[in-house]
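**Student:** Below: sequence and its predicted model.
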Amino acid sequence: MEYIKRSIEHKLLETSKTFKSVLLTGPRQVGKSTLLKNTFPGRKYVSFDDPFLEQQAKENGSMFMMLNQPPVIIDEVQRAPELLRYIKMTCDASDEKGLFCLSGSQQFQLMNHISETLSGRISIIELSGLSLREIQKDTFCQRFLPTMDYILERQKTAKIPDNIWEIIHRGSYPELQNKELGWNDFYASYVKTYIERDVRELSAVQDLDSFRRFMIAAAARTGEVLNYSSIASEIGKDVTTVKNWISILEASGIIYLLEPYTSNVLKRAIRTSKLYFRDTGLACYLTRWLTPDTLAYGAYNGHIFETFVISEILKSFSNSGLDYRHFVSYYRGKDKKKTKKGGEMMEVESEIDFIIEENGVLYPIEIKQNANVSADETSAFTVLDCLEDKKRGMGAIICMCPQPGILRENILQIPVWYI
């Protein structure tokens, strides 16, 4: 299959010129190995998927380093953490940059070992699945912000997809861009491999059938505030087990937990994370939405559309070399949004789907999967006006509208393909 150029390539090349080592993390099957091979075609490549090489690295690190001298790419490095101290020694003995390009798919384990061994010697880059920009071969590389400046730049290359629901349903794994590869077969194999390899390695999970049911229950809740008790009740496990299993999904890049926006002023805000699957195709497979058409017109479409939008925004940040965790949040609570009901004014729960914070400015975003939207749907944005130390910036509704437009002086409508 033809290689799809990745937006993060420039960051990978830039970082390799300033650090002695680079670690590329990300979920299984997002294209880490392919990216490294294509970005550094002249380098020797070794993978610890090979049990002989893994054993050699674990038992005789000095011999392994002698046979695989830098510059070198080492894949699935989490399988041989014993090697990291030899990499540290090599880095400390040289002034050269870009000695090692490492990759691994179990971020939690990697971070523990890396922070203990290679702190200050390594740059960490996160690779996600393909973005809509990459799928459409769009070279636009700015991070998403709901501003007029962004819209004016984005419109130069933005293209309307033939069928956005087909892209959402197909998912973001590079292998699935080969249309001859069966969607159901790919995800069936992916789930089986993930559960039998990664889950067993990350935690001593014995009941794999229950874990599979847990994944289905979690996928059915993508885009919702995380409720451990609800999942525990559905699968017949205790809350402690569910919390542990959620951490496994997060550590292996299957899900992302969006944190709530917190402020002492917003005293009635919900403090619970929202759960999002990283890949919409995997969420659809687990919940048995088997075709793009049934997804587009089904009860799940709002949640999966929101999941897709947020995933695309996060990719725009990580592909720019930024840690999106420092920029994004959501809000839900009962702070100062009032409505008239039964002749009385009363406070009601309000929600802002997504908030981007940058340079003291909060950009609130509402996500709607329909084409016709109204500025009235952004009434919750005014909650942010009570924050004295922050400024509310331009807000937006990301939706299926055909073109960007201005709904109100400080509210834009933005098509999903403009992300």
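**Tutor:** Good, I have the coordinates. As the structure is a computational prediction, the values presented were derived from the model and not from experiment. Numbering: from 1, shown residues only.
**Student:** Please, where are all the strands along the stretch 301-419 of the chain?
**Tutor:** Assigned by DSSP state E, counting those that start in this stretch, the strands in the stretch 301-419 of the chain fall at 328-333, 338-341, 344-347, 350-358, 361-367, 391-392, 395-399, 405-408, 411-415.
**Student:** ok, longest helix in this structure?
**Tutor:** helix 301-318 (DSSP state H).
**Student:** Please identify the buried residues of it?
**Tutor:** Using 16 or more other Cβ atoms under 10 Å as the test for burial, helix 301-318 gives 301, 303-318. Using the backbone N, CA and C atoms, a C-beta is placed for each residue, glycine as well.
**Student:** what's the answer for stretch 185-197, then?
**Tutor:** For stretch 185-197, the neighbour count (16+ other Cβ under 10 Å) marks Phe186, Tyr187, Tyr190, Val191, Tyr194, Ile195 as buried.
**Student:** Low-confidence ranges, the protein, go.
**Tutor:** Flagging of the chain using pLDDT under 70 yields the residue ranges 1, 106-113, 115-117, 202, 204, 264-269, 335-348.
**Student:** Leu362 versus Ser318, what's the distance?
**Tutor:** Using Cβ to Cβ, to the nearest Å, we find Ser318 at a distance of 21 Å from Leu362.
**Student:** coming back round to it: need the strands of the stretch 301-419 of the chain in CSV with distance to Ile216 and mean neighbour count, can you?
**Tutor:** Conversion of the strands of the stretch 301-419 of the chain to CSV gives the following (distance: least, Cβ to Cβ, whole Å; neighbours: other Cβ atoms under 10 Å):
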stretch, distance to Ile216, mean neighbour count
strand 328-333, 24, 21
strand 338-341, 36, 10
strand 344-347, 36, 10
strand 350-358, 24, 19
strand 361-367, 24, 22
strand 391-392, 39, 15
strand 395-399, 28, 25
strand 405-408, 38, 14
strand 411-415, 32, 23
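**Student:** Quick one: those as TSV, columns for distance to Thr262 too.
**Tutor:** Below are the strands of the stretch 301-419 of the chain laid out as TSV (distance: least, Cβ to Cβ, whole Å):
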stretch	distance to Thr262
strand 328-333	8
strand 338-341	22
strand 344-347	19
strand 350-358	11
strand 361-367	13
strand 391-392	17
strand 395-399	20
strand 405-408	27
strand 411-415	24
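**Student:** and of these, who's closest to Thr287?
**Tutor:** Across these, Thr287 has its closest neighbour in strand 361-367 (19.0 Å, Cβ to Cβ).
**Student:** Contacts only, for Leu35.
**Tutor:** By Cβ atoms under 8 Å, 6 or more residues apart in numbering, the contact list for Leu35 reads Arg6, Ile8, Glu9, Leu12, Leu24, Leu127.
**Student:** what about it, distance to Ile8?
**Tutor:** 7 Å.
**Student:** Now do the shared contacts for the two.
**Tutor:** Leu127.
**Student:** what does the longest helix of the chain contact?
**Tutor:** Residues contacting helix 301-318 (Cβ under 8 Å, 6+ apart): 7-8, 126-129, 131-133, 142-144, 168, 172, 222-224, 256, 258, 276-280, 283-284, 289, 295, 323-324, 327-328, 353-354, 356, 367, 369, 398, 416, 419.
**Student:** Now, those that are in helices?
**Tutor:** Using DSSP H, those in helices are Leu132, Arg133, Ile168, Thr280, Ala283, Cys284, Leu295.
**Student:** nearest spatial neighbour of the second one, skipping sequence neighbours?
**Tutor:** If you skip the residues right next to it in sequence, Arg133 has Phe140 as its closest partner in space, 5.9 Å away by Cβ to Cβ, 6 or more residues apart in numbering.
**Student:** How about the fifth one?
**Tutor:** Distance criterion Cβ to Cβ, 6+ apart; nearest residue to Ala283, sequence neighbours excluded, is Phe277 at 4.0 Å.
**Student:** Quick check: end-to-end length of stretch 60-77?
**Tutor:** End-to-end distance of stretch 60-77: 15 Å, with Cα to Cα, to the nearest Å as the criterion.
**Student:** May I see the buried residues of stretch 82-101?
**Tutor:** In stretch 82-101, counting by 16+ other Cβ under 10 Å, buried: Leu83, Leu84, Tyr86, Ile87, Lys88, Thr90, Cys91, Gly98, Leu99, Phe100, Cys101.
**Student:** Now do the end-to-end distance for stretch 399-419.
**Tutor:** Chord length of stretch 399-419, first to last residue, is 11 Å (Cα to Cα).
**Student:** same thing with stretch 406-419?
**Tutor:** Span of stretch 406-419 from end to end, Cα to Cα: 16 Å.
**Student:** With stretch 274-292 instead?
**Tutor:** Stretch 274-292: ends 25 Å apart by Cα to Cα.
**Student:** between the ones in helices among the contacts of helix 301-318, which is nearest Ile160?
**Tutor:** Among the ones in helices among the contacts of helix 301-318, and counting by Cβ to Cβ, the member closest to Ile160 is Leu132, at 11.0 Å.
**Student:** How about the contacts made by that closest one?
**Tutor:** Here Leu132 is in contact with Asp138, Pro161, Ile167, Glu312, Val416, Trp417, Ile419 (Cβ under 8 Å, 6+ apart).
**Student:** same deal with Leu286?
**Tutor:** Val191, Met215, Ile216, Ala219, Ala220.
**Student:** Relative to Pro174, how far out is the first one?
**Tutor:** Computed with Cβ to Cβ, the distance linking Val191 and Pro174 is 18 Å.
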